[in-house]
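Asks: Have a look at this prediction, sequence included:
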Amino acid sequence: MSDVTSDLISGVCPVLSVPFTNSGEVDYESFESLVNWIISQGVKSVLFFGVASENIKLSDPERYKLLEILLKVRAGSGLKVIASVADHASELAVKRAQDYEAMGVDLINILPPSFFNPSAEQIRFHLAQILGAVKIPVVIQHLPQAGGMQDVAELLTLADQYPNLRIVKCESNPPEESIKRVYEITEGKVASLIGWGGIFWESGDLAGAKGIQPGCGVTDLYKWSEAALISGDRKEFGRRLNTFIPWISSWISNLELLIAAEKHILARRGIIASDYCRHPTVALSDQVKREIDECLDLIERVADGRA
């Protein structure tokens, strides 16, 4: 099996937003525009149907149509697509994973069930059903705060039986210890990614994480930071991150706020037509709007080489 961690999931892997019209319908034209913009930023992969995609606010027909558009637009670009499966029922999750594999996605991302506080054994069963149903590589999100599997080692017992378990997205807070344990327990056979909007990127990279999965509104700022990391200049990497990560860190304290802020940025930049979020959502405060103005100014200065 190829090294998916370097071929597919290294560096910045944005979670795609879903644009809506001002009346709340999916704006498929804006979504196509967003995908084209993401491709232009030079990322190697994207995650779709993450929290930042407002996945739980989409119907199944919308999900499948959006994924079809994503796969069509990315054709020939080299962009790898990771499709997330978040069904609580194992039977539904297996079917969705198989559907996505048949559609041509490159990896499956599994968000383990958390409703009704399933036990670690129940979660392992759920994960095993999906791992055994597809042939393509799989990413599993480890969310200890959601209950069930508190220790990432409980999840990794599946790695020997299912070699397509290739990556764990470590979403403990902070994630560094989980990242190290993934590497140690699997002797490097399973890699790690970081969520949390990239706010732990510096420490997570030092711990061995292969990349981050932030929202997509400021992908160019993440890529700007990544360029310094790739060059080996960690001091500059930290400086660049700290020009915008404090805003992300503040917004991510409320996930609905982070989603709304990133969509507002995308709309202000003309990448999507509207910043509409399906309800329930939150209104942006005057302070957040000022922070977004500062963020947009930073984006212009980075583009002009003045940052």
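Replies: Ah, there it is. Residues are numbered from 1 along each chain as shown.

Asks: buried ones in the helix or strand hosting E91?
Replies: Following DSSP states H and E, the helix or strand that holds E91 is helix 90-103. For helix 90-103, a neighbour-count test (16 or more other C-beta atoms under 10 Å) marks 90, 93-94, 96-101 as buried. To be clear about C-beta, it is placed using only N, CA and C from the backbone, and glycine gets the same treatment.

Asks: What is the nearest of these to A273?
Replies: Distance to A273, by C-beta to C-beta, is smallest for Y100 among the buried residues of helix 90-103, at 27.1 Å.

Asks: roughly how far apart are the closest residue to that closest one other than its chain neighbours and K235?
Replies: Distances taken as C-beta to C-beta, 6 or more residues apart in numbering put A83 closest to Y100, at 4.2 Å, once the chain neighbours are dropped. Per C-beta to C-beta, to the nearest Å, A83 is found 37 Å from K235.

Asks: between those two, who's got more neighbours?
Replies: A83 (25 against 8; other C-beta atoms under 10 Å).

Asks: Partner strands of the strand or helix carrying the more buried one and their direction?
Replies: Assessed by DSSP H and E, A83 sits inside strand 80-85. Neighbouring strands of strand 80-85 in its sheet, by DSSP bridges, are strand 45-48 (parallel), strand 107-110 (parallel).

Asks: Including mean neighbour count, could the ones you listed go into a markdown table?
Replies: Compiled in a markdown table, those are given as follows (neighbours: other C-beta atoms under 10 Å):
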| stretch | mean neighbour count |
| --- | --- |
| strand 45-48 | 25 |
| strand 107-110 | 24 |
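
Asks: Those strands: which one's closest to D297?
Replies: The nearest among those, by C-beta to C-beta, is strand 45-48 at 26.3 Å.

Asks: Quick one: mean pLDDT over the closest one.
Replies: Averaged over strand 45-48, pLDDT sits at 98.

Asks: Quick one: residues in contact with stretch 216-227.
Replies: By C-beta atoms under 8 Å, 6 or more residues apart in numbering, the surrounding residues in contact with stretch 216-227 are 11-12, 14-17, 34, 38, 41-43, 46, 52, 198, 201, 212, 214, 237, 240-241, 243-244, 248, 261-263, 265-266, 295, 298-299, 302-303, 307.

Asks: L158 versus the closest residue to A261 other than its chain neighbours, what's the distance?
Replies: Sequence neighbours aside, W251 is the residue nearest to A261 in space, at 4.8 Å (criterion: C-beta to C-beta, 6+ apart). Counting by C-beta to C-beta, the gap from W251 to L158 is 34 Å.

Asks: Identify each buried residue in stretch 248-256, please.
Replies: 248, 250-252.

Asks: repeat for stretch 186-200
Replies: Per 16+ other C-beta under 10 Å, stretch 186-200 contains these buried residues: 186, 190-200.

Asks: buried subset of the contacts of stretch 216-227?
Replies: By 16+ other C-beta under 10 Å, the contacts of stretch 216-227 give 11-12, 14-17, 34, 38, 43, 46, 52, 198, 201, 212, 214, 237, 240-241, 243-244, 248, 261-263, 265-266, 295, 298-299, 302, 307 as buried.

Asks: What about those, which are in strands?
Replies: 11-12, 46, 212 (DSSP state E).

Asks: Next, format the residues you listed as CSV and append distance to S119.
Replies: Below are these laid out as CSV (distance: C-beta to C-beta, whole Å):
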residue, distance to S119
G11, 35
V12, 35
V46, 33
I212, 30
